[in-house]
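In: have a look; sequence and predicted model below, questions after that.
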Amino acid sequence: MSDRPIILGIVGDSAAGKTTLTKGIAQVLGPENVTIICTDDYHRYDRTQRAEIGITALHPDCNYLDIMQQHLSLLRTGQAILKPIYNHTTGTFDAPEYIKPSKFVIVEGLLGYSTRAIRDSYDVKVYLAPPENLRTEWKVKRDIMKRGYTEEQVLAEMKKREGDSEDFIRPQRKFADVVVTFYLPEEDNEVNLSVRLVLRPTIPHPDFTEILSQSSDSFKPAIRLELDRDMGKPVDVLEVDSHATSEQVNELEKILCNEMPHLRGFCSTEGNSEIGKLVGTTGEILQSYPLALTQLIIAYHMIKAIQK
Ligand SMILES: Nc1ncnc2c1ncn2[C@@H]1O[C@H](COP(=O)(O)OP(=O)(O)O)[C@@H](O)[C@H]1O
Ligand SMILES: O=C(COP(=O)(O)O)[C@H](O)[C@H](O)COP(=O)(O)O
């Protein structure tokens, strides 16, 4: 059993869904067992300074990556840090906060896999890659509702950031153990999101062969495991369609929960009504099976890491 904190990285561009997934995983692991760190706190410049210099928050030079790395090393050995705080409302920094790591630490942000030393700090690495049109929709709505911007301002900022997204954010995908893509299926009238999980062989995934055997060329179940390539390398891909039924979801949950008794309370067979819930872009509460299964699979890896 590991007696140091287990560290999960969640990386992706702005409004890719990092905070939403982080909260969902913390709920499965028990919020009292989880310390959440947002790496926006390691911005080197405040909003006014960034505008003056003409640099975006996505550029490595705009962040104290060295201090982030020091802090992750300390957290990994169970030591406390004095973490800066970037305030998204004011665009400036608040007084730093003292943080002692809990059993699990989730580190979410823009540049979490950009150096070798930082990457080596994690037990599990997740990258969020929604299609760009969906991310734009999420960012516009979220930044209007929560961060006080207008639609024009958000779109102009995204345009300004595009070069840095391409150069510094997206290349980090290749370092992830799991790449998560929520997307809107093409079928007419579909409003719920499906998920595509790229499972790299960098960590041992649950045994999904039972699911693999159910697929065939002529029959495409709502939950399926496929072999594919991602960034040129062979990977397993677990697809969960938005229209998967609760019975189909339960089958997958059983695979996870039989191996990991701690997760049992979160399998919907046991009737947990909270898993997969999220706050939508207009503040509405939604519930998604694809999100619930994503939360469970990542929580599975965190608990597995603690057992090592
Ligand atoms: N899995 C999801 N399903 C539906 N909507 C989502 C999902 N993830 C994120 N969103 C929406 O996108 C918005 C931005 O997500 P958020 O988690 O704040 O992104 P990030 O932390 O990466 O900036 C959220 O306000 C939420 O409404
Ligand atoms: O891109 C992000 C990261 O946050 P998230 O991933 O949660 O979107 C923020 O916009 C910057 O940290 C600061 O920018 P601003 O000047 O808008 O505060």
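Out: Arrived safely, thanks for sending. Ligands and ions are numbered 1, 2, ... in the order given.
In: which residue packs closest to the closest residue to ligand 1 within the stretch 101-250 of the chain, ignoring adjacent ones?
Out: Nearest residue of the stretch 101-250 of the chain to ligand 1: residue 138, at 3.2 Å (C-beta to the nearest ligand atom). Any C-beta I mention is one placed from the backbone N, CA and C, and that applies to glycine too. Excluding the flanking residues, the one nearest residue 138 by C-beta to C-beta, 6 or more residues apart in numbering is residue 15, at 4.5 Å.
In: and what of residue 47?
Out: residue 91 (3.0 Å).
In: how about that neighbour, what does it touch?
Out: For residue 91, the contact set (C-beta atoms under 8 Å, 6 or more residues apart in numbering) comprises 46, 47, 48.
In: for the last one, what are its contacts?
Out: Translated: residue 48. 91, 92.
In: how about the residues of the stretch 51-200 of the chain near ligand 1?
Out: 138, 142, 182, 193 (C-beta under 6 Å from any ligand atom).
In: contacts only, for residue 274.
Out: residue 27.
In: mind doing that once more with 6 Å?
Out: Contacts for residue 274 were tallied using C-beta atoms under 6 Å, 6 or more residues apart in numbering; there are none.
In: and residue 161, by the same measure?
Out: Neighbours of residue 161 in contact, by C-beta under 6 Å, 6+ apart: 56, 58.
In: angles on the backbone of the closest residue to ligand 2 within the stretch 51-200 of the chain, please.
Out: Closest residue of the stretch 51-200 of the chain to ligand 2, C-beta to the nearest ligand atom: residue 57 (3.8 Å). Backbone geometry at residue 57, expressed as degrees, to the nearest 10, gives phi -60, psi -10.
In: what number of residues are in the vicinity of it?
Out: For residue 57, the neighbour count with other C-beta atoms under 10 Å is 20.
In: cool, residue 281 as well?
Out: By other C-beta under 10 Å, neighbour count at residue 281 equals 17.
In: nearest spatial neighbour of it, skipping sequence neighbours?
Out: residue 141 (3.4 Å).
In: wait, isn't the one you found in contact with residue 279?
Out: No - contact criterion C-beta atoms under 6 Å: residue 141 and residue 279 do not qualify, at 11.2 Å.
In: pull the helix or strand with minimum mean pLDDT from this structure.
Out: helix 209-212 (a mean of 75; mean pLDDT, DSSP states H and E).
In: CA atoms only: put that helix into CSV for me.
Out: The C-alpha coordinates for helix 209-212 follow below in CSV (Å, rounded to 0.1, in the frame of the first residue of the first chain):
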residue,chain,number,x,y,z
THR,A,209,-12.3,-8.2,-23.0
GLU,A,210,-15.9,-9.2,-22.1
ILE,A,211,-17.0,-6.0,-23.8
LEU,A,212,-14.6,-6.6,-26.8
